[in-house]
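Visitor: Give me the fold of what follows.
(2 chains)
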Amino acid sequence: MAKITLENLAHSYLPKPTREEDYALKSMDHDWVDGEAYALLGSSGCGKSTLLNIISGLLHPSQGRILFNDKDVTMAPTTQRNIAQVFQFPVVYDTMTVRDNLAFPLRNRGSDPAYIQERVQQIAAMIGMEATLDRKARGLTADAKQKISLGRGMVREDVNALLFDEPLTVIDPHMKWELRTQLKSLHHEFGHTMIYVTHDQTEALTFADKVVVMFDGRVVQMGTPQQLFETPEHTFVGYFIGSPGMNVLEAKVSGDKAVIAGTEISLGQGFGTPTGKVELGVRPEFVTLQSGDEGLPVTIKRVEDVGRHKIVRADFQGIEINIIAAEGENISPDMNRVVFDTAGINIYSDSWRVAPKAA
Amino acid sequence: MNKTVNQKAWFLILPVLLLVAFSAVIPLMTVVNYSVQDTFGRNEFFWAGLEWFEQMLASERMWNALGRQIAFTAIILAIQIPLGVFVALNMPKKGFWASFCLVLMSLPLLIPWNVVGTIWQIFGRVDIGLLGYTLNAMGIDYNYTQDFYAAWITVVMMDVWHWTSLVALLAYAGLQSIPDAYYQAAKIDQAGRWKVFRFIELPKIMGVLMIAILLRFMDSFMIYTEPFVVTGGGPGNSTTFLSIDLVKMALGQFDLGPAAAFSIMYYLVILLVSYVFYTVMTNLDKRDGH
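Guide: Presented below is the predicted three-dimensional model:
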């Protein structure tokens, strides 16, 4: 249970990094507040696992410092950090029984045998493996092995932080949901600092209080699921979160007007005159399809009915625009215009969000 | 579906049958043939039944050779297996030095048996050998041609030098196949070095280690050339192992019958032990769920 501070932290797998592209993890300052549950979200290769391994000490950063409760642990080995980490693929000690596997981290810390007995029983109940406690771990299914790995991660109560590196990849979907719920309740009970790496947005949004989105070795946004949804700070957050992701269109913006491919639309609030590559982002939830001659002219490509709502894929001068329409809504072929709800419009300059200016 | 009956298909396995007959069955049967007959020369043979087997089983000479053989094999296994694993654990995992060590480790394996024997024969000589001369100059009485212990130590050291590499290379291959995640998990679980070895490395290399033990058992149990070149089985009979004794009996004394009976029993012992190893190994695999 600790606050984890990253100071000017960066990491490169190359021996002598010179350019910024050489870094798998670009320089960052970040605080992980004690007792919060974070989800670390990003596509494969964006540096999530690197960051996790640096926190747990499996990797030493090329530059910067890591502090646990303001104590510098940058060079401290993993064994001294008292951190639990669960990996993507199951790691079990084959020759041990399930019970010994779960007890292993506690025994290594020299805990009291009576306490170990009791704690192992608790954890076994949590992962649903009480019946197999005395079986050898070898020969169990990948599913069961991963549950043991999770159990070993949760068995210590006094850890500084619990790190999960896409731990539910090999687990059955229904079990996934159950284990995630268990992790959440564990968090409520003990208040560990938890960091949960995933590239699955549903997993991230249901698990965490705060979601940290990484892109290309950088933390691009940290916020509540609602913040990520309403005000993505970076276009990557826009299309990575949401299904389908945010529509991003190149635009010319001045004041409260934007011109997209010759069509002027109103933004509802002023943005000044942003420079660089200017884009307008709007989530499919804030796009409405209609007929008439107001809005951007589009042609409907196809309609996907996903049950709760319909996703309309439309074409606007070669660019795909996604629209979410209510399940009962009637989509007709002569609906050839889209309009944006101004509340859902964000403006980006060189991929970063421009804050609206009070007019 | 009806199966086509075609008895001519049996001819297809004829080449293999012939090959196996010439390479194994016929030579083995010759030995069996000798073991149940007696001869007084001139290629005349008389039926002797199991007489030679009874004689060999009662022979103190054979039991002594077997005792020395078992002692030798036990000693070199007890040294080479742990030493090989220890070397493998300490070899670099990647980069230039890993390749360098691999080449270095392979060198003894590439030297022919009788050359290894000659190297150690000279190395240990009291008058010109580096080892023998140095030890004696230091005041240690070392002479493998006269002293029982010196002879044994030389022969054991030679075998360790020649074959520990094999164990090390096999164990190294086993260690290389362990995913990093296991070591990382062990660090997270705060396991010490011994526990990492005991619960991760040893279980993961158990399979190749069993192969290493089997190979080293078979090879050392049949050892002939190296001790023959170094000590010739001496001093006295102190390093006369089974093969050396067998050759003395068959070719030195030309006792074909007893030697053949001896060979067959020798062969059966190796077969039996190898079978036990095989069973243990397949059981290991089954426990792994393969």
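
Visitor: Assign residue A:232 to helix, strand or coil.
Guide: Secondary structure state of residue A:232, per DSSP: H, G, I helix; E, B strand; the rest coil, is coil.

Visitor: which residues in the stretch 1-150 of chain B form strands?
Guide: Secondary structure of the stretch 1-150 of chain B (DSSP state E, counting those that start in this stretch): strands at B:37-39, B:45-47.

Visitor: Please name every helix or strand in contact with the last one.
Guide: When you say that, I think you mean strand B:45-47. If you count contacts as 3 or more C-beta pairs under 8 Å, 6 or more residues apart in numbering or on different chains; DSSP states H and E, strand B:45-47 packs onto strand B:37-39. Heads up, the C-betas are built off the backbone N, CA and C, glycines and all.

Visitor: starting at the chain centroid, how far to the strand it packs on?
Guide: Its chain's C-alpha centre and that of strand B:37-39 lie 32 Å apart, by C-alpha atoms, centre = their mean, to the nearest Å.

Visitor: what are the ranges of the helices in the chain?
Guide: Using chain A here. A:48-56, A:78-81, A:98-108, A:113-127, A:142-154, A:173-190, A:201-207, A:225-230, A:235-240 (DSSP state H).

Visitor: Please refer instead to chain B.
Guide: Counting by DSSP H, the helices of chain B are B:14-20, B:26-35, B:51-57, B:60-90, B:96-106, B:113-123, B:130-137, B:148-176, B:180-188, B:193-196, B:202-221, B:225-230, B:242-247, B:256-288.

Visitor: what comes up buried for the last one?
Guide: When neighbours are counted by 16 or more other C-beta atoms under 10 Å in any protein chain shown, the buried residues of helix B:256-288 are found to be B:256-266, B:277, B:281.

Visitor: and of those, the nearest to residue A:106?
Guide: Nearest to residue A:106 among the buried residues of helix B:256-288 is residue B:281, at 34.3 Å by C-beta to C-beta.

Visitor: out of everything not next to it in sequence, what's closest to that closest one?
Guide: With C-beta to C-beta, 6 or more residues apart in numbering or on different chains as the criterion, residue B:281 has its nearest non-adjacent residue at 4.8 Å, and that residue is residue B:210.

Visitor: ok, now residue B:273?
Guide: Nearest residue to residue B:273, sequence neighbours excluded (C-beta to C-beta, 6+ apart): residue B:217, at 6.4 Å.

Visitor: if we can go back for a sec, make JSON lines out of the helices of chain B and add mean pLDDT.
Guide: Shown next, in JSON lines, are these (pLDDT from 0 to 100):
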{"stretch": "helix B:14-20", "mean pLDDT": "90"}
{"stretch": "helix B:26-35", "mean pLDDT": "85"}
{"stretch": "helix B:51-57", "mean pLDDT": "81"}
{"stretch": "helix B:60-90", "mean pLDDT": "92"}
{"stretch": "helix B:96-106", "mean pLDDT": "91"}
{"stretch": "helix B:113-123", "mean pLDDT": "90"}
{"stretch": "helix B:130-137", "mean pLDDT": "87"}
{"stretch": "helix B:148-176", "mean pLDDT": "92"}
{"stretch": "helix B:180-188", "mean pLDDT": "90"}
{"stretch": "helix B:193-196", "mean pLDDT": "91"}
{"stretch": "helix B:202-221", "mean pLDDT": "90"}
{"stretch": "helix B:225-230", "mean pLDDT": "87"}
{"stretch": "helix B:242-247", "mean pLDDT": "86"}
{"stretch": "helix B:256-288", "mean pLDDT": "83"}
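
Visitor: what comes into contact with stretch A:201-212?
Guide: Contacts of stretch A:201-212 with the rest of the structure, by C-beta atoms under 8 Å, 6 or more residues apart in numbering or on different chains, involve A:36-41, A:168, A:176, A:180, A:183-184, A:196, A:198, A:219, A:221-225, A:228, A:240-243.

Visitor: C-alpha coordinates for that stretch, PDB please?
Guide: Taking C-alpha atoms only, stretch A:201-212 is exported to PDB below (Å, rounded to 0.1, in the frame of the first residue of the first chain):
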ATOM      1  CA  GLN A 201     -11.600  -1.100 -23.100                       C
ATOM      2  CA  THR A 202     -14.600  -2.900 -21.500                       C
ATOM      3  CA  GLU A 203     -12.200  -4.500 -19.100                       C
ATOM      4  CA  ALA A 204     -10.500  -1.200 -18.300                       C
ATOM      5  CA  LEU A 205     -13.700   0.800 -17.900                       C
ATOM      6  CA  THR A 206     -15.400  -1.800 -15.600                       C
ATOM      7  CA  PHE A 207     -12.400  -2.400 -13.400                       C
ATOM      8  CA  ALA A 208     -10.900   0.900 -12.700                       C
ATOM      9  CA  ASP A 209     -11.700   4.200 -10.900                       C
ATOM     10  CA  LYS A 210      -9.200   5.900 -13.200                       C
ATOM     11  CA  VAL A 211      -8.200   4.800 -16.700                       C
ATOM     12  CA  VAL A 212      -4.700   5.700 -18.000                       C
END
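
Visitor: what is the rounded mean pLDDT of it?
Guide: What stretch A:201-212 shows for mean pLDDT is 83.

Visitor: any idea how far it is from the chain center?
Guide: The chain centre lies 6 Å from the centre of stretch A:201-212; the measure is C-alpha atoms, centre = their mean.

Visitor: one step back: looking at the strands of the stretch 1-150 of chain B, which is nearest to residue B:224?
Guide: Closest approach to residue B:224 among these is made by strand B:37-39 (24.9 Å; C-beta to C-beta).

Visitor: Just checking: what are the partner strands of that closest one?
Guide: When sheet partners are counted by DSSP bridges, strand B:37-39 sits next to strand B:45-47 (antiparallel).

Visitor: How far off centre is the partner strand?
Guide: 35 Å.

Visitor: Same question for stretch A:213-221.
Guide: 10 Å.

Visitor: Same question for stretch A:223-236.
Guide: In terms of C-alpha atoms, centre = their mean, the centre of stretch A:223-236 is set 11 Å apart from its chain centre.

Visitor: what's next to it, contact-wise?
Guide: Residues outside stretch A:223-236 that contact it (C-beta under 8 Å, 6+ apart): A:205, A:208-211, A:213, A:215, A:220-221, A:237-238, A:241-242, A:246, A:248, A:279, A:281, A:283, A:344, A:346, A:348, A:351-353.

Visitor: Now do the contacts for residue B:101.
Guide: Taking C-beta under 8 Å, 6+ apart, we find residue B:101 in contact with B:91-92.

Visitor: so how far is residue A:242 from it?
Guide: With distances taken as C-beta to C-beta, to the nearest Å, residue B:101 is found 53 Å from residue A:242.

Visitor: Would you mind measuring from the closest residue to residue A:63 other than its chain neighbours to residue A:163?
Guide: Spatially, and ignoring its direct neighbours in sequence, residue A:63 is nearest to residue A:10 (4.9 Å; C-beta to C-beta, 6+ apart). According to C-beta to C-beta, residue A:10 stands 19 Å off from residue A:163.

Visitor: Who has more neighbours out of these two?
Guide: Using other C-beta atoms under 10 Å in any protein chain shown, the more surrounded residue of residue A:10 and residue A:163 is residue A:163, with 28 against 21.

Visitor: Which strand residues bridge the more buried one?
Guide: Beta-bridge partners, per DSSP bridges, of residue A:163: residue A:85, residue A:195.

Visitor: so what's it up against?
Guide: Residue A:163 sits in contact with A:52, A:55-56, A:83-86, A:194-195, A:197, where contact means C-beta under 8 Å, 6+ apart.

Visitor: Now with 7 Å, please.
Guide: For residue A:163, the contacting residues are A:52, A:55-56, A:83-85, A:195, by C-beta atoms under 7 Å, 6 or more residues apart in numbering or on different chains.

Visitor: of the residues you listed, buried ones?
Guide: Buried by 16+ other C-beta under 10 Å: A:52, A:55-56, A:83-85, A:195, out of the contacts of residue A:163.

Visitor: That's all I had, so thanks and see you.
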